[in-house]
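> please work out how this folds:
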Amino acid sequence: MVEVTFAKAFHRHVDCPVMSVPGGTVGEVLGGYFEQRPQVRSYVLDDAGAVRKHVAVFANDDLITDRTSLTDAVADGDRIHVFQALSGG
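Down below sits the predicted model:
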């Protein structure tokens, strides 16, 4: 199981509790999360299923590299953390 958490900024807009979800890739884990919490999907992914421009997804302490297909590998005991990315100056 992989633990999925969301930064506090998301909690202002949608109910997104910490949840443990099975899967071997970021996409599988997030897909499992969105099956249980479908209202969260549109805050994280665009219509094509890619990570939205102003969202950052970390697997453990590393920013994921595949924002389109979400194929970054994860294993039992790993953590996925979703942040709203900051931009501007």
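
> burial of the closest residue to Arg37 other than its chain neighbours, as a residue count?
Counting by CB to CB, 6 or more residues apart in numbering, Cys16 is the residue found nearest to Arg37 once chain neighbours are left out, at 6.4 Å. Where C-beta positions appear, they are placed from N, C-alpha and C, glycine not excepted. By other CB atoms under 10 Å, 19 other residues sit near Cys16.

> was I right to think Cys16 contacts Phe6?
Yes. Counting by CB atoms under 8 Å, a contact exists between Cys16 and Phe6, whose distance comes to 4.3 Å.

> dump the residue contacts of the residue nearest to Arg37.
By CB atoms under 8 Å, 6 or more residues apart in numbering, the contact list for Cys16 reads 6, 10, 37, 40, 43.

> one more: Tyr33?
Tyr33 makes contact with 4, 19, 21, 40, according to CB under 8 Å, 6+ apart.

> apart from its neighbours in sequence, what residue is nearest the third one?
Read that as Val21. Leaving out its chain neighbours, the residue that sits closest to Val21 by CB to CB, 6+ apart is Gly32, at 3.9 Å.

> of the contacts of Tyr33, which is the most crowded?
Neighbours were tallied for each of the contacts of Tyr33 (criterion: other CB under 10 Å), and the maximum of 27 neighbours falls on Val4.

> where does that residue sit, in terms of helix or strand?
With elements taken from DSSP states H and E, the one containing Val4 is strand 2-6.

> buried residues in that strand, which are they?
Buried residues in strand 2-6, counting neighbours by 16 or more other CB atoms under 10 Å, are found at 2, 4, 6.
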